[in-house]
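Asks: here you go, sequence then predicted model.
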Amino acid sequence: FLTAAQTLPFLLLSFPAGVLVDRLPRRGLMVAAELVRAAALLAPVLAGVALAIKLSTPGPVLYVQRRMGHDGRIFPMVKFRSMRVGVEDDTRFTRPDDERCTPVGRVLRRTSLDELPQLWSIIKGDMSFVGPRPALFNQHDLIALRTEQGVHELVPGLTGWAQVNGRDELPIPQKVALDA
């Protein structure tokens, strides 16, 4: 694969046609183009949700939570704000009729549109599309069981088997069993 250049004082590196190196630039451009297309398609939805939140309640549009990620690393997870300002420290699980939710927030949660900003966490590599949902840093019982089952070694996801099969209605041991 290494050959001496005839007139230049350095070596050239060449690979047979069809090797991965030939496809890397093209693949990179295709991925970049798809990211641009996805951003263009999502931009109106993101803008509409942000506008609905801003017009309906005072406070920021986005909410950042500390979540447990791969190998127990805590990372910031961004969501659209679905609750009133000032209830951030209340870490109880939400219910459909939760008084902390705003009217727009109820719709966002029911449709899971509040999760869209997590696409940024996927792009950054903190999350994947599919995997166990990242635990809140203070959910010690869930974290302990997940660690025991090796779930903490997985990259957390936007959705996962436990979420598809019952979300927050599942008892923690059953949720962990589905995550593992």
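Replies: Great, that's in hand. Numbering: from 1, shown residues only.
Asks: which parts of the chain are helices?
Replies: All helices of the chain, identified by DSSP state H, fall at 20-56, 103-111, 118-124, 140-149, 161-164, 172-179.
Asks: for the chain, what helix or strand is lowest in average pLDDT?
Replies: Lowest mean confidence among the helices and strands of the chain (mean pLDDT, DSSP states H and E): strand 2-4, at a mean of 46.
Asks: picking up where we left off before, closest to residue 65 out of the helices of the chain?
Replies: helix 118-124 (10.3 Å; C-beta to C-beta). Bear in mind the C-beta positions are built from the backbone N, C-alpha and C, glycine included.
Asks: what pLDDT, on average, does that closest one get?
Replies: In this model, helix 118-124 has an average pLDDT of 91.
Asks: helices and strands around that helix, which ones?
Replies: Counting contacts by 3 or more C-beta pairs under 8 Å, 6 or more residues apart in numbering; DSSP states H and E, helix 118-124 is packed against strand 74-80, strand 157-159.
Asks: please repeat the previous calculation with a cut-off of 6 Å.
Replies: Judged by 3 or more C-beta pairs under 6 Å, 6 or more residues apart in numbering; DSSP states H and E, helix 118-124 is in contact with no other helix or strand.
Asks: find the centremost residue of this structure, please.
Replies: Central residue of the chain (C-alpha atoms, centre = their mean): residue 118, 3.9 Å from the mean position.
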